[in-house]
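*Asks:* fold the stuff below for me.
(2 chains)
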Number of protein chains: 2
Amino acid sequence: MSLAQVQNFAISLDGFGTGEGLSRDRPFGHADERLHEWMFKTRWWRERTGRQGGTGGIDDALVRQHDTGIGAEIMGAGKYGFPGWQDDPDWKGWWGSSPPFHTPVFVLTHHIRPPIEMEGGTTFHFIDASPAEALAMAREAAKGQGVRIGGGATVVRDFFAAGLVDHAHVAVVPILLGRGVRLWDGLEALEHSYEIEAVSSPSRVTHLTFTRRGL
Amino acid sequence: MSLAQVQNFAISLDGFGTGEGLSRDRPFGHADERLHEWMFKTRWWRERTGRQGGTGGIDDALVRQHDTGIGAEIMGAGKYGFPGWQDDPDWKGWWGSSPPFHTPVFVLTHHIRPPIEMEGGTTFHFIDASPAEALAMAREAAKGQGVRIGGGATVVRDFFAAGLVDHAHVAVVPILLGRGVRLWDGLEALEHSYEIEAVSSPSRVTHLTFTRRGL
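*Replies:* Next up, the predicted model:
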């Protein structure tokens, strides 16, 4: 079965998946990189960025799953680019010429454009679709592997609300952002549908995993 | 030094300290007792309620601190009674004739009334005061011991916002309430003022502790 998975999605203690004031210079707004510092310290991240060292504990074990068993990603327009990228015909995402996805990536947007093939196996497809429609397309493209629900917060929330997430890993970072985009809004009683585990790390991040009941 | 302490304050994953629709029959609204079930399973709780058994792990170790070193409590009108208790001259709180506080308790309300002396050492004092004023009164009554900031969510938030909390223990319960009173609103960057630890329990609750920097 091709599972729909949320991976390494970081939120603040007060539940914000990104900050306020997103721009080309500040992709996460006033949150900047504070939601992801724990990840930058892992061995996995350092390997990806051509360096040595890094932590090999629970944070690393969880983030490392990013690279295995995924055949496609779905992301929101707000992850793909800064507010207004739709008006920039040359925008190809934040990730340079060889994005770290290495699969088809379906970008949810009301402004569709032709696909963009990048180096390293990533192709961006721009689709105007419901979560269920997008997941059906991504599953077909994934050829039996899993589909990553890549975020941002609004997209993760929408897929949870539609009952389409099979497994999720959410990292709660001990900072209070105070403003931004909340992950959990409108998901009352989600615990009825998921087995929820929590494990705190010496990095002070708490990892939550959600496994859909009855999988 | 007489520390101002938040103890055993439970919130949902989405940050609500109580539910919606509080009433005399449903003191926590639609949350009912779901934020506190983990606590009811501890040895500490069972001892308090005249029973045997219960868990003796991390949950128990943390809740057990409730009983030591506290000389007074401050609570909000919403913890003391149901919406409208101010119009009921006979209302003496939820806790029967011998409340579990055993100290002076300062109830923040705009409707003051004479103190009520209960069995077992609890006396309810009704005061219309700012957080700082209330804390000064409670510290004097505590005679050198600590002051518990007893909640509800609004009161804990107000004391955090005023910079008056020295230590806090917040238990995050893996349920999503979706609505109610949020604990964290308006507390952006609280991590600059507190050392924050997180420890997850086999009960699936994650305990957060906040220790004011420079204490």
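*Asks:* show me what from chain A comes close to chain B.
*Replies:* A:13-15, A:172, A:174-179, A:184-191, A:196-200, A:204-206, A:208 (Cβ under 8 Å from any Cβ of the partner chain). C-betas here are computed from N, CA, C, even on glycine.
*Asks:* mind checking which of the residues you listed are buried?
*Replies:* Neighbour-count burial (16 or more other Cβ atoms under 10 Å in any protein chain shown) applied to these gives A:13-15, A:172, A:174-179, A:184-185, A:187-188, A:190-191, A:196, A:198-200, A:204-206, A:208.
*Asks:* so what strands line up beside the lengthiest strand in chain A?
*Replies:* Ranked by residue count, the top strand of chain A under DSSP state E comes out as strand A:4-12. Paired strands of strand A:4-12, with direction, are strand A:146-149 (parallel), strand A:167-173 (parallel) (DSSP bridges).
*Asks:* so which of the residues of chain A next to chain B belong to strands?
*Replies:* Under the assignment DSSP E, the residues of chain A next to chain B contribute A:172, A:196-200, A:206, A:208 to strands.
*Asks:* just checking, A:Leu13 touches A:Leu183?
*Replies:* No: counting by Cβ atoms under 8 Å, A:Leu13 does not reach A:Leu183; the two are 11.9 Å apart.
*Asks:* angle of the longest helix along chain A against strand A:4-12?
*Replies:* Identified as the longest helix of chain A according to DSSP state H is helix A:131-142. Angle, helix A:131-142 to strand A:4-12, by axes from the mean of the first three to the mean of the last three Cα atoms, to 10 degrees: 120 degrees.
*Asks:* which of the residues in helix A:131-142 are buried?
*Replies:* Judged by neighbour count (16+ other Cβ under 10 Å), helix A:131-142 contains these buried residues: A:131, A:134-135, A:137-139, A:141-142.
*Asks:* and the pLDDT at the residue nearest the centre of chain A?
*Replies:* Centroid-nearest residue in chain A: A:Gly150, 2.8 Å away (criterion: Cα atoms, centre = their mean). With respect to pLDDT, A:Gly150 scores 97.
*Asks:* per-residue confidence at A:Met1?
*Replies:* pLDDT, A:Met1: 79.
*Asks:* and it, how far from chain B?
*Replies:* Taking Cβ to the nearest Cβ, to the nearest Å as the measure, A:Met1 falls 25 Å from chain B.
*Asks:* quick one on the thing from earlier: so what secondary structure elements neighbour the longest helix of chain A?
*Replies:* strand A:70-76, strand A:104-108, strand A:123-127, strand A:146-149, helix A:153-161 (3 or more Cβ pairs under 8 Å, 6 or more residues apart in numbering or on different chains; DSSP states H and E).
*Asks:* what's stretch A:73-82 in contact with?
*Replies:* Stretch A:73-82 is contacted from outside by A:18, A:22-24, A:27, A:85-86, A:88, A:91, A:93-94, A:101, A:103-111, A:124, A:134-135, A:138, A:147-152, A:154-155, A:159, using Cβ atoms under 8 Å, 6 or more residues apart in numbering or on different chains.
*Asks:* only C-alpha atoms, please: export that stretch in PDB.
*Replies:* Extracted C-alpha coordinates of stretch A:73-82, given in PDB (Å, rounded to 0.1, in the frame of the first residue of the first chain):
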ATOM      1  CA  GLU A  73       5.600  14.600  -2.800                       C
ATOM      2  CA  ILE A  74       2.600  17.000  -2.600                       C
ATOM      3  CA  MET A  75       3.300  20.500  -1.400                       C
ATOM      4  CA  GLY A  76       1.400  23.700  -1.100                       C
ATOM      5  CA  ALA A  77       2.100  26.900  -3.100                       C
ATOM      6  CA  GLY A  78       3.400  28.400   0.100                       C
ATOM      7  CA  LYS A  79       6.100  25.800   0.400                       C
ATOM      8  CA  TYR A  80       7.100  26.100  -3.200                       C
ATOM      9  CA  GLY A  81       7.700  29.800  -3.200                       C
ATOM     10  CA  PHE A  82       7.400  33.200  -1.600                       C
END
